[in-house]
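Student: Predicted model follows, preceded by the sequence.
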Amino acid sequence: MAIIFSTHGLHPKATDMLSSAGDFVIASALDTETLTREAANAEIVIVRAPLPPSLFERAPALRAAIRHGAGLDMIPVEAATKAGVLVANVPGVNARSVAEHVFLVTLALLRRFRATDRDLRSKGWLAGREHANSANELAGRTVGIVGMGNVGTEVARIAHFGFGLEVIANTRDRRNLPENVAFAAVDDLVRQSDIIVLCCPLTLETTGLISQDRIRQMKPDALLVNVSRGPVIDDAALLKALAGREIGGAALDVFATQPLPSNHPYFSFDNVIVTPHLAGITEESMMRMGVGAAEEAVRVLDGGLPVNLCNPEAVEHYGRRFPT
């Protein structure tokens, strides 16, 4: 039977599909040595954690690395392509979950939820209630979205049709913008937006995109929401702005270092919400991601190519490795 190796456990529906298609194995640990050793005989790898390039050098039977989700930063695509391994993902299936998270944390910041909840529990009713006097409504605000892929598009849809907000966005291809969303250069976007939502992929261009200079251009009550990748933000610049009360607050689901150290300065601010990279994780999205990845795995094992093939340049080499 084909060995199907996963870095993590999957939704029961996905597990059942993969167990029917082969010998489904879950990694015992996520360090480089363990992943490389335990994936050595795999034909499929399901990816929910960063893979080392060495894995592709030492897995001669490996056909495909399939991302459990959309972002490819966990897969060394160049190494996979060089080895003739197909790379696939499951785009869009957690967009709704991430978009709902964006508004959960935005409203929590505006209504001062963290401080209210803390003081209600520790100091009593009136202390908690006092925070309402400086809380704010979402209505009438401008949302600026950086990155208009599946997640950004869903955030824009909810913002406009759900809350009646003005939406501006920065994207590599402005031709795909919905009619109700205006294009803005990044500098214009950070100046004009009350809520800045980062939904872009991590690339050389987007690394450090939210720099000290751009943070200084933000409104003094602006909120920054990051559901993309941690390095898109210059952490030192953001921490300085938060300490100096130069912006209204931040909601961060992703970080340059994960897991986030328990003593990280982000934990010290009432106007910062930190979550452990879970914006796209719900029971529903886990089912969609898992089943989507399992369907791609079965398709490859049956001799086909993934529907969401991300490295078509590997197909020729792949065909030589696994001739039909």
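Tutor: That came through, no problem.
Student: Quick one: the helices in the protein, in order.
Tutor: 12-21, 32-38, 54-57, 77-82, 95-110, 113-123, 125-130, 150-157, 163, 186-192, 212-217, 235-243, 283-301, 315-321 (DSSP state H).
Student: what's the most buried one of the ones you listed?
Tutor: helix 150-157 (a mean of 24; mean count of other C-beta atoms under 10 Å). C-beta: built from backbone N, CA, C; applies to glycine.
Student: Can you name the element that comes right after that one?
Tutor: Counting by DSSP states H and E, the element after helix 150-157 in chain order, helix or strand, is helix 163.
Student: Can you get me a residue count around the closest residue to residue 278 other than its chain neighbours?
Tutor: In space, not counting the residues next to it along the chain, residue 278 is nearest to residue 253; the distance is 6.7 Å by C-beta to C-beta, 6 or more residues apart in numbering. Residues contacting residue 253 under the criterion other C-beta atoms under 10 Å number 23.
Student: quick one: residue 253 and residue 227 touch, right?
Tutor: Yes: in this structure, residue 253 sits in contact with residue 227. The criterion is C-beta atoms under 8 Å, and the distance is 5.1 Å.
Student: shared neighbours of the two, anything?
Tutor: Applying C-beta atoms under 8 Å, 6 or more residues apart in numbering, one finds that residue 253 and residue 227 are jointly contacted by 101, 279.
Student: Excluding sequence neighbours, find me the nearest residue to residue 194.
Tutor: With sequence-adjacent residues excluded and distances taken as C-beta to C-beta, 6+ apart, residue 194 is closest to residue 141, at 3.9 Å.
Student: Run through the residues that contact the one you found.
Tutor: By C-beta under 8 Å, 6+ apart, the contact set of residue 141 is 165-166, 194-195.
Student: Could you rerun that using 10 Å?
Tutor: When contacts are counted by C-beta atoms under 10 Å, 6 or more residues apart in numbering, residue 141 touches 106, 110, 159, 163, 165-166, 193-195, 221-223.
Student: So among these, which ones count as buried?
Tutor: In the contacts of residue 141, burial by neighbour count holds for 106, 110, 159, 163, 165-166, 193-195, 222-223, counting by 16 or more other C-beta atoms under 10 Å.
Student: hmm, back to that, and the gap between the residue nearest to residue 278 and residue 275?
Tutor: 5 Å (C-beta to C-beta, to the nearest Å).
Student: Find the residues that touch each one of these two.
Tutor: Shared contacts of residue 253 and residue 275, defined by C-beta under 10 Å, 6+ apart, comprise 101, 105, 227.
Student: Which one of these is nearest to residue 90?
Tutor: Of all the shared contacts of residue 253 and residue 275, the one sitting nearest residue 90 is residue 227; the distance, using C-beta to C-beta, is 17.0 Å.
Student: which residues touch that closest one?
Tutor: Under the criterion of C-beta under 10 Å, 6+ apart, the neighbours of residue 227 are 98-99, 101-102, 105, 147, 151-152, 155, 197-200, 251-254, 275, 277, 279-280.
Student: before we move on, the earlier item: return the member of the buried ones among the contacts of residue 141 nearest to residue 324.
Tutor: The shortest gap between residue 324 and any of the buried ones among the contacts of residue 141 belongs to residue 159, at 47.4 Å (C-beta to C-beta).
Student: residue nearest the centroid of the protein?
Tutor: Nearest to the mean C-alpha position of the chain, by C-alpha atoms, centre = their mean, lies residue 228 at 4.7 Å.
Student: show me what contacts that one?
Tutor: Here residue 228 is in contact with 71, 98, 146-147, 149, 151-152, 197-202, 206, 209-210, 253-254, 279 (C-beta under 10 Å, 6+ apart).
Student: how about the helices of the chain, which one is nearest residue 262?
Tutor: With C-beta to C-beta as the measure, helix 235-243 is the member of these nearest residue 262 (16.0 Å).
Student: And for that closest one, what's in contact with it?
Tutor: Under the criterion C-beta under 10 Å, 6+ apart, residues 208, 210-216, 218, 220, 222, 224, 226, 233-234, 246-250, 252, 255-257, 264-266, 268-269, 271-272 lie in contact with helix 235-243.
Student: Could you list the low-pLDDT ranges of the protein?
Tutor: Under the criterion of pLDDT under 70, none of the chain is flagged as low confidence.
Student: Repeat the analysis, applying 90 as the threshold.
Tutor: Scanning the chain with the threshold set as pLDDT under 90 gives 70-71, 73, 175-176, 324.
Student: Could you list the domains of it?
Tutor: Under the assignment automatic domain parsing, the domains of the chain span 3-92+283-321, 95-274.
Student: Switch the contacts of residue 141 over to JSON lines; also include distance to residue 127.
Tutor: Conversion of the contacts of residue 141 to JSON lines gives the following (distance: C-beta to C-beta, whole Å):
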{"residue": "106", "distance to residue 127": "24"}
{"residue": "110", "distance to residue 127": "20"}
{"residue": "159", "distance to residue 127": "33"}
{"residue": "163", "distance to residue 127": "30"}
{"residue": "165", "distance to residue 127": "32"}
{"residue": "166", "distance to residue 127": "35"}
{"residue": "193", "distance to residue 127": "32"}
{"residue": "194", "distance to residue 127": "28"}
{"residue": "195", "distance to residue 127": "28"}
{"residue": "221", "distance to residue 127": "23"}
{"residue": "222", "distance to residue 127": "27"}
{"residue": "223", "distance to residue 127": "24"}
